[in-house]
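Q: Fold the following.
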Amino acid sequence: MDADNAICGRLPDSQYVELAVEVFGMLADATRVRIILALRDQELSVNHLADILDKTPASVSQHLAKLRLARIVSSRQEGTRVFYQLANEHARQLVTDAIFQAEHALEGSPRHHHPQAEPDEATA
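A: Okay, here's the model as predicted:
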């Protein structure tokens with residue numbers, strides 16, 4: 001059992017704490033959070049993301065480059081178009097939990113705690 005604790009990244013003295021802080025720093029931008037929300041269930045091109053976010057493709061590309069360097073998103077090229085998707089489920093979960101925490105800060109009884117909430121709202 002102690003052997004499991006020695007490799008656990010969730011202990012206060014974990015070697016991953018500083019990297020986790022870098023991840024939070026990367027997500028401390030509304031455009032990047034919106035990109036992750038847009039990519040949570042699908043792969044999208046830069047232009048499609050730009051349309052969804054009402055930003056220029058150049059601006060979205062810069063944010064995507066940072067997210068790609070942080071290994072939060074991955075990309076694939078099809079001809080001249082580049083498509084992005086979340087690299088794994090953890091970025092989706094981080095942003096979902098942050099949104100849920102924000103709901104707690106603003107609402108007495110957040111929507112994600114109501115059984116009648118839309119399935120997408122409670123698990124998005």
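
Q: separation between I72 and L39?
A: Between I72 and L39 the distance, using CB to CB, to the nearest Å, works out to 9 Å. (Each C-beta comes from the backbone N, C-alpha and C, glycine too.)

Q: Could you tell me which residues touch both of the two?
A: Both I72 and L39 are in contact with L86, where contact means CB atoms under 8 Å, 6 or more residues apart in numbering.

Q: contact partners of stretch 37-56?
A: By CB under 8 Å, 6+ apart, stretch 37-56 touches 31, 34-35, 57, 59-61, 64, 73, 76, 81-86, 92, 95-96, 99, 124.

Q: Just the ones of those in helices?
A: Those of those mapping onto helices are T31, R34, I35, P57, S59, V60, S61, L64, R92, V95, T96, I99, per DSSP state H.

Q: and the residues you listed, which are buried?
A: R34, I35, V60, S61, L64, R92, V95, T96 (16 or more other CB atoms under 10 Å).

Q: tell me the centre residue of this protein?
A: A91 (3.6 Å; CA atoms, centre = their mean).

Q: quick one: contacts for that one?
A: L27, I36, I72, V73.

Q: can we see that at 7 Å?
A: Contacts here follow CB atoms under 7 Å, 6 or more residues apart in numbering; on that basis A91 touches I36, I72.

Q: ok, which stretches of this structure are strands?
A: 44-45, 73-78, 81-86 (DSSP state E).

Q: right, so of those strands, which gets closest to H114?
A: Comparison of the strands of the chain against H114 by CB to CB identifies strand 81-86 as nearest, at 26.7 Å.

Q: which residues are in contact with that closest one?
A: Contact partners of strand 81-86, identified using CB under 7 Å, 6+ apart, comprise 36, 39-40, 43-46, 64, 73-76, 92.

Q: Now restrict the residues you listed to buried residues only.
A: I36, L39, R40, L44, S45, V46, L64, V73, S75, R92.

Q: As TSV, the strands of the chain with mean pLDDT and distance to Y16 would be great.
A: Converted to TSV, the strands of the chain look like this (pLDDT from 0 to 100; distance: least, CB to CB, whole Å):
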stretch	mean pLDDT	distance to Y16
strand 44-45	98	29
strand 73-78	96	20
strand 81-86	96	19
